[in-house]
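**Q** quick one: sequence plus predicted model below, questions after.
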Amino acid sequence: MSETTYVFAPSPVYSLPIRGSNVRFPVKRIFCVGRNYHAHAVEMNRPVDKASMSPFYFLKDASTTIESGATVPYPTGTHDYHYEMELVVAIGAEGFRLAEADAEGMIYGYCAGLDMTRRDLQLAARETGRPWDLGKDFEKSAVFTEIVPRSELGILKHGSINLQVNGETRQSSNIDKLIWGIPELLADLSQFYHLQPGDLIMTGTPEGVGPVQVGDRITGHIDKVGDIELNVGAAE
Ligand code: MN
């Protein structure tokens with residue numbers, strides 16, 4: 001049997017460490033939930049009425065993945081580079097058209113994430129009805145900690161989520177404030193996609209988003225999940 005040969009080396013597999021394990025979690029797709037905490041939806045001037053609205057999603061390419069602790073260059077094309085601290089669900093099974101009761105078996109584990117955002121480009125796109133890709137899906141914009149297996153955590157329903165810039169608290173909330181909780185998100189997203197092992201779901205950020213500058217150190221914490229860190233380096 002002859003091996004496939006390629007004109008150039010295929011893309012690497014992006015992956016994350018798993019707590020207590022020496023194997024890694026290969027990242028497939030990164031789904032991001034928009035406006036999933038009321039106070040953040042209000043600060044973005046887009047309040048959410050759960051009775052009449054559904055969650056919405058955007059994606060980041062797996063190649064935007066970067067591990068907690070990194071220093072990333074201040075990204076090109078923006079003057080308003082923002083942090084968004086988020087609980088991330090790591091999918092470990094295949095699932096399509098799930099019921100909420102099926103959600104727990106889909107979850108491999110959890111990690112903390114930063115949905116780094118070029119806010120000026122995102123808002124310009126939003127106001128003109130254009131896609132958000134330039135604002136959201138850019139290199140090194142998806143920051144993740146190691147994954148904590150679900151085993152003893154079950155479906156996370158509450159726990160502090162907070163973020164500091166240079167030690168000063170900017171975001172402080174609780175995941176019990178998620179508008180759409182984890183079972184609802186998995187049930188909804190799986191109406192539109194065949195969920196796959198390796199998919200990550202960034203569940204949305206609480207209020208207090210804001211800009212960072214070159215030299216800033218971002219830290220964050222989610223109870224039972226972990227601590228994240230990102231350093232902002234000079235622009236390339
Ligand atoms: Mn986000």
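**A** Structure's in. What do you need? What you are looking at is a predicted structure, and each value in this text was computed from that prediction instead of being measured. Numbers count the residues shown, from 1 in each chain.
**Q** tell me the residues on the protein that lie near the ion, please.
**A** Residues of the chain lying near the ion by C-beta under 5 Å from the ion: Glu84, Asp115, Thr205. (C-beta placed from N, C-alpha, C; glycine too.)
**Q** closest one of those residues to Thr219?
**A** Minimum distance to Thr219 across those is 14.2 Å, recorded for Glu84 (C-beta to C-beta).
**Q** and that closest one, how many neighbours?
**A** Glu84 sits with 23 neighbouring residues when counted by other C-beta atoms under 10 Å.
**Q** setting aside sequence neighbours, what's the nearest residue to it?
**A** Leaving aside its sequence neighbours, Glu84 sits nearest to Thr205 (C-beta to C-beta, 6 or more residues apart in numbering; 3.6 Å).
**Q** residues in contact with the one you found?
**A** Counting by C-beta atoms under 8 Å, 6 or more residues apart in numbering, Thr205 touches Asn36, Tyr37, His40, Glu84, Met85, Glu86, Asp115, Gln171.
**Q** which of those residues tops the neighbour count?
**A** Glu86 (31 neighbours).
**Q** ok, that one - contacts?
**A** Contacts of Glu86 (C-beta under 8 Å, 6+ apart): Cys32, Ala112, Gly113, Leu114, Asp115, Ile161, Met202, Thr203, Gly204, Thr205.
**Q** can you confirm His79 is in a strand?
**A** No - read with DSSP: H, G, I helix; E, B strand; the rest coil, His79 is coil and lies in no strand.
**Q** Glu184 is in contact with Asp102, correct?
**A** No - taking contacts as C-beta atoms under 8 Å, Asp102 lies outside contact range of Glu184: 12.0 Å.
**Q** burial measure for Pro149, as a count.
**A** Other residues within reach of Pro149, judged by other C-beta under 10 Å, total 17.
**Q** quick check: chain neighbours aside, which residue is closest to it?
**A** Leaving aside its sequence neighbours, Pro149 sits nearest to Gly109 (C-beta to C-beta, 6+ apart; 4.4 Å).
**Q** the one you found and the ion: what is the separation?
**A** To the ion, Gly109 is 20 Å away according to C-beta to the ion, to the nearest Å.
**Q** that residue belongs to a helix?
**A** No - using three-state DSSP, the assignment for Gly109 is strand, not a helix.
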